[in-house]
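Q: Sequence unavailable; structure follows:
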């Protein structure tokens, strides 16, 4: 029951983030570029709940996102699933308690997501490759995502540890007890 309420709250957070992306950040953008809050959400889910849940929710949220605003179904699902998997992998290798580490993880995840999305869009839609425009968009989005991560870091940590408590079984008993 606890896991179901967490998943329902994640879906509500997804809807809130979607509304923020569509409405609020259309007014507050930098050079016409909006942040990608979905990368932050899926990385957080992967970091605190593991590879399986991060990948599954990344694919589900990505396909939902493609269904609402995408040109084709599946590209965001593939890339957000990869970000969820990467988040689960990074959980074992890096500390989640450092703000700098989280910002670096968000930055690297944004780079991976945007490059993968750009390559997949190129192959599916055979779009023209404009490296200058792509790097400008990527740089501004990196800065935007990092600033938002700094602002919402306390919320990430608070909700992240609730995710970790409900999805990970960290109840280790030694052989002496």
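A: Perfect, I can see it now. Everything numeric in this text was worked out from a predicted model, so none of it was measured.

Q: only C-alpha atoms for contact and neighbour calcs from this point on.
A: OK.

Q: List the residue ranges of this structure that fall below the pLDDT cut-off.
A: 1, 169-177 (pLDDT under 70).

Q: residues in contact with the spatially most central residue of it?
A: For the chain, residue 39 is the residue whose C-alpha lies nearest the centre (C-alpha atoms, centre = their mean; 2.3 Å). Going by C-alpha atoms under 8 Å, 6 or more residues apart in numbering, residue 39 touches 80, 83, 106, 109, 110, 113.

Q: Repeat that for residue 41.
A: Residue 41 sits next to residue 14 when contact means C-alpha under 8 Å, 6+ apart.

Q: Pull up the gap between it and residue 94, please.
A: 18 Å (C-alpha to C-alpha, to the nearest Å).

Q: same check, this time on residue 62
A: For residue 62 relative to residue 94 (C-alpha to C-alpha), the value is 25 Å.

Q: Can you pick out the residue with more neighbours from the two?
A: residue 62 (25 against 13; other C-alpha atoms under 10 Å).

Q: Confirm that the more buried one sits in a helix.
A: Yes. Note on residue 62: a helix contains this position according to DSSP: H, G, I helix; E, B strand; the rest coil.

Q: longest single helix anywhere in this structure?
A: Counting by DSSP state H, the longest helix found in the chain is helix 131-167.

Q: Check which helices and strands it is in contact with.
A: Applying 3 or more C-alpha pairs under 8 Å, 6 or more residues apart in numbering; DSSP states H and E, one finds that helix 131-167 contacts helix 2-19, helix 37-49, helix 99-125.

Q: from the contacts of residue 39, which two are the most distant?
A: 80 and 106 (12.5 Å; C-alpha to C-alpha).

Q: Looking at those two, which has the bigger crowd around it?
A: Using other C-alpha under 10 Å as the criterion, residue 80 and residue 106 rank with residue 80 on top: 31 against 23.

Q: Would you enumerate the residues in contact with the closest residue to the more buried one other than its chain neighbours?
A: Leaving aside its sequence neighbours, residue 80 sits nearest to residue 58 (C-alpha to C-alpha, 6 or more residues apart in numbering; 4.6 Å). Neighbour list for residue 58: 42, 77, 78, 79, 80, 81, 82, 83, 84 [criterion: C-alpha under 8 Å, 6+ apart].

Q: For the second one, grab phi and psi.
A: With angles defined as degrees, to the nearest 10, residue 77 sits at phi -60, psi -40.
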